[in-house]
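A.B. asks: Any chance you can model this:
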Amino acid sequence: MGFEDKKIGNANVIQNLILENREKLNITGVLDVLSFDDQMVIVETELGLLTVKGDNLRINKLSTDTEEILVEGNIFNLAYSEKTTINKEGSLFSKIFK
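C.D. replies: Below is the predicted model of the structure:
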């Protein structure tokens, strides 16, 4: 299956990744923050799981209303993977809004 053969589930989904100087990453369409530390942030988005890798990473903005997150630090890698069954029990949003 080639790249063009793969279809995203919802064609109406708009997601933006804005990376400024490899130091600030603004992500929209975020459903949940699954894991984060100073070297990796994993978020569930409308289009799949997004893994951000780097050094000195920190989440400076997190909004459930606008589904937006701002990650700052030295960003080295951004990678999407397919959505799978996710354990919501350990997610950041579930811990905050218990």
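A.B. asks: what comes up buried for the strand ranked longest in the chain?
C.D. replies: Assignment by DSSP state E gives strand 48-63 as the longest strand of the chain. By 16 or more other CB atoms under 10 Å, the buried positions in strand 48-63 come out as 48-50, 52-54, 57, 62. All C-beta spots, glycine's among them, are computed from the backbone N, C-alpha and C.
A.B. asks: Kindly indicate which of those lies nearest residue 17.
C.D. replies: Using CB to CB, residue 50 is the member of the buried residues of strand 48-63 that lies nearest residue 17, at 7.9 Å.
A.B. asks: Identify the residue nearest the closest one in space, chain neighbours excluded?
C.D. replies: Distances taken as CB to CB, 6 or more residues apart in numbering place residue 43 nearest to residue 50, at 5.1 Å, with adjacent residues excluded.
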